[in-house]
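Sequence below, structure please.
(one chain, ligands or ions: 2)
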Amino acid sequence: MSEEKNPNETSSAIRPSRRAFVKGSVALGAGVVGASGLLQRENGNSAIDQLLGVSTARAASKRRGLKYEVPPGKLDSYYGFWSGGQSGEIRIVGVPSMREIKRIPVFNRDSASGWGRDDYSEQLLGGRSSGDTHHVHLSYDNGTYDGRYVYVNDKAGGRLARVNCTTMECDAITEIPNSQGTHGIFPQRHKTGLVLCNAEFRTPQPNNGDDLDDPKKYGAMHTAVDGESMEVQWQVLIEGNLDLCATDYEGKYSFATCYNSEEAVTLEGMMAADRDWLYVFNLPAIEKAVKQGRTIVVGDGSVPVVDARGDNGPYVQRIPVPKSPHGVNVDPTGKYAVCSGKLSPTVSVVDIGKLDDVFAGKIKPRDAVVAEPEVGLGPLHTAFDNRGNGYTSIFIDSVITKWNIAKAIEAFNDESVDPIVQKIDVHYQVGHTNASMSETREADGNWLVALCKFSKDRFLNVGPLHAENDQLIDISGENMKLVHDGPAYSEPHDCVLVRRDIIHPEKITPRVGPRFEYYEKLAKEDGINLLTDSKVIRKGKNKVRVYLTSVAPIFALREFRVKSGDEVQVIQTNLDSVEDLSHGFCMSKHDVNFVVNPRDTRSMTFTAGEPGVYWYYCPWFCHALHLEMRGRMIVEA
Ligand code: K7E
Ligand code: CUA
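Ligands and ions are numbered 1, 2, ... in the order given. Okay, the predicted model is just below:
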């Protein structure tokens, strides 16, 4: 391998890159002066102005490219919502700076905030502590983001979670029944309606110990969850597996790639056929069947299941596409669904306008495919600009291929037409790619992110587990330009880039929602006003509730007394209404630590240890006397 080569080779590898660096810094310097001068003239030097002044910025970008440095005091133009993969979280990354601004724990436990261990989130997680998040999508209205919710899947646990953008905190987790490997998810785009969820793993249906060894009896569910109530509405049982998911813009169809039309349970079996499918689900037809009770019982029968195995309409159609497709993405015009071959060097462009005819039996499913350009080896996902181009991540070749949709359609019948615009190297093994507002009607063609699975040689060596490499590419001009490398901890799969004017979180906790209902209920039981009272209340022989308010830099209780072995619930309310002034509660030697944001209430329950004195303290630096913000839990025998 090249890392183990002799020192001469190493130094020769360094020399050219040093030259490149010197050259690069000269060019960069010139670029900075030019770009900042330009911004001052045109847009008052604000990144968002640059974003919104599309026509002038576009003309400028042709010459110089977009400005990607975000200097101190300036804000990013986009909220990037990243999945966190095996970390089980969501991350908010500012784009174009690629600064990670926040981590939102969802399926994981988080030591800093206490998520997964404080009483409310522990209930929400049902005691589980890990997840595998792949796909983040926001709720929609009328074809673009409405800025209210972020949905994310848990492939490991078969769940769907929602983050409320008001507080950027998870407010609901839904277990998907009869499913394993909940992978692709996508919300409807005409309004905040259903969130469709794909089961990537086929399992016996029902999975109750019968039919363990008969793969013909296995199946997978396409599940509809209501995006407001987060309740499962219905499921469609289908024979093949379901990988990525997409929806149209009208609320009529949802899509799922299927890489295992063979219905196999081994790798060889799953790769056997030359063609697999893009499943197209007819949502109104399915809802009608559910309403009329044309459903079957699977598992505990709590959710109506439409059996679409072998169905060729009205519920589902199978569009044959080359070998083991992975991603499916709908372009911003809503006309085309593009799915990637993974084991074929092509992407297939499905004309959504022809699907009515497919369902009516007027044309064959394959006739809905209107283009199949060769984009490179191992195509995975496609993003779009607002100028009719697709950008497909190519895993094996480690490139992003820019191609023109209209030309690809021409090329389908005329080999002399070349739809490929440009290929740009990325580093290495790119998985997802996404572009600014790409999944909406407001795609703006400014930025593209390539989420590379390998970062070998790109960052300081930090041992066997490497970072991923999230690369930022300027797509505003004719040619893509790679402008930034950003390391990411394991392992973001996907991200969406959302214009910042769409997202409006509160800075002070609004005391509403299910978490506050939970605390208000406790307080009512005990005759407590959370905003004024601090009190120790014994609840039976071995149970104590400690209500505690805090104002920087003091806890209202300087001490409280419990008995060794008591179950102690500390419920803390932060009375400060100052932005950024978080307190929290950490109990020494008791594995208790949680944050309490301005005007927030949170709690944690623990067992009081051996008799003695235990200091509790505020773990968030809140005041010059923050270190003094503490008290004693006195544990009596
Ligand atoms: Cu990694 Cu979207 Cu789970 Cu493709 S998926 S890369
Ligand atoms: Cu309150 Cu530190």
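
Spell out which residues of the stretch 151-300 of the chain are next to ligand 1.
183, 244 (Cβ under 6 Å from any ligand atom). C-betas here are computed from N, CA, C, even on glycine.

repeat that for 8 Å
155, 183, 184, 243, 244 (Cβ under 8 Å from any ligand atom).

Just to check, the first one is in contact with residue 132?
Which is residue 155. Yes - at 4.4 Å, residue 155 counts as touching residue 132 under the criterion of Cβ atoms under 8 Å.

The stretch 101-250 of the chain: helices as residue ranges?
119-125 (DSSP state H, counting those that start in this stretch).

Just give the nearest non-adjacent residue to whichever residue of it sits closest to ligand 1, would you?
Residue nearest to ligand 1 within the stretch 101-250 of the chain (Cβ to the nearest ligand atom): residue 134, separated by 3.5 Å. In space, and not counting its chain neighbours, residue 134 is closest to residue 493: 4.0 Å by Cβ to Cβ, 6 or more residues apart in numbering.

Next: residue 442.
Of all residues not flanking residue 442 in the chain, residue 144 sits nearest, at 4.9 Å (Cβ to Cβ, 6+ apart).

didn't the one you found look like it was pressed against residue 443?
No - counting by Cβ under 8 Å, residue 443 is not a contact partner of residue 144; they are 9.6 Å apart.

Quickly list what's touching both of the two.
residue 437 (Cβ atoms under 8 Å, 6 or more residues apart in numbering).

gap between stretch 121-139 and the chain center?
From the chain centre to the centre of stretch 121-139 is a distance of 11 Å (Cα atoms, centre = their mean, to the nearest Å).

got the buried residues for that stretch?
For stretch 121-139, the neighbour count (16 or more other Cβ atoms under 10 Å) marks 121-122, 124-125, 128, 131-139 as buried.

Go through these and say which is closest to ligand 2.
Nearest to ligand 2 out of those is residue 121 (Cβ to the nearest ligand atom; 20.7 Å).

got the contact list for the closest one?
Contacts of residue 121 by Cβ under 8 Å, 6+ apart are 105, 114, 115, 170.

can you give me the end-to-end distance of stretch 487-494?
Terminal residues of stretch 487-494 are spaced 14 Å apart (Cα to Cα, to the nearest Å).

ok now that stretch, how far from the chain's centre?
Worked out by Cα atoms, centre = their mean, stretch 487-494 lies 11 Å from the chain centre.

How about residues contacting that stretch?
The contact list for stretch 487-494 (Cβ under 8 Å, 6+ apart) reads 82-87, 91, 100, 133-136, 381, 431-432, 434, 451, 453, 455, 458-459, 465, 467-470.

Let's have the residues of the stretch 151-300 of the chain next to ligand 1 in a markdown table, adding pLDDT and distance to ligand 2.
Output for those, formatted as a markdown table (pLDDT from 0 to 100; distance: Cβ to the nearest ligand atom, whole Å):
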| residue | pLDDT | distance to ligand 2 |
| --- | --- | --- |
| 155 | 98 | 38 |
| 183 | 98 | 41 |
| 184 | 98 | 43 |
| 243 | 97 | 47 |
| 244 | 98 | 45 |
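
which residues touch the residue positioned nearest the centre of the chain?
What sits nearest the mean C-alpha location of the chain, by Cα atoms, centre = their mean, is residue 136, with 2.4 Å. With contact taken as Cβ under 8 Å, 6+ apart, residue 136 is in contact with 81, 82, 83, 90, 150, 151, 152, 494, 495, 496.

Thank you, goodbye.
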